[in-house]
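Undergrad: What follows is a protein structure lacking sequence information:
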């Protein structure tokens with residue numbers, strides 16, 4: 001499984017830039033990539049989470065996104081039932 005939206009936090013961009021990048025590109029089913037050692041990620045996360053929850057988004061573990069049974073992972077990272 002691949003992420004769909006890269007926060008680019010690893011580039012050292014500001015918390016405001018991280019927030020804008022994530023909120024401007026997220027859509028239902030998005031997997032957003034953050035890095036645990038990125039300098040401004042901790043200060044960006046609270047606002048991102050609050051904004052997305054206010055828009056009705058729900059946060060789930062990856063295990064809840066995985067399909068059961070035989071599947072195929074496509075190059076764009078999406079998982080679909082095997083044909």
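TA: It's in. What you are looking at is a predicted structure, and each value in this text was computed from that prediction instead of being measured.
Undergrad: Grab the most central residue of the chain for me.
TA: residue 32 (1.4 Å; C-alpha atoms, centre = their mean).
Undergrad: Could you measure from residue 78 over to residue 65?
TA: Remark: distance between residue 78 and residue 65 (C-beta to C-beta, to the nearest Å) = 10 Å. No exception for glycine: its C-beta is placed from N, CA and C like everyone else's.
Undergrad: whoops, I mixed them up, residue 6
TA: 17 Å.
Undergrad: and what of residue 50?
TA: 22 Å.
Undergrad: Can you find the helix or strand in the chain with the smallest mean pLDDT?
TA: helix 62-65 (a mean of 82; mean pLDDT, DSSP states H and E).
Undergrad: now the residue nearest to the centre of the chain, which residues is it bridged with?
TA: With DSSP bridges applied, residue 32 shows beta-bridge pairing to residue 5.
Undergrad: ok now do it, which residues does it touch?
TA: 3-7, 22, 26 (C-beta atoms under 8 Å, 6 or more residues apart in numbering).
Undergrad: related to what we said a few turns ago, just checking, what packs against the least confident helix or strand of the chain?
TA: Judged by 3 or more C-beta pairs under 8 Å, 6 or more residues apart in numbering; DSSP states H and E, helix 62-65 is in contact with no other helix or strand.
Undergrad: which residues sit in contact with the residue sitting furthest away from the middle of the chain?
TA: Here the chain reaches farthest from its C-alpha mean at residue 83, the gap being 27.1 Å by C-alpha atoms, centre = their mean. By C-beta under 8 Å, 6+ apart, the contact list for residue 83 reads residue 72.
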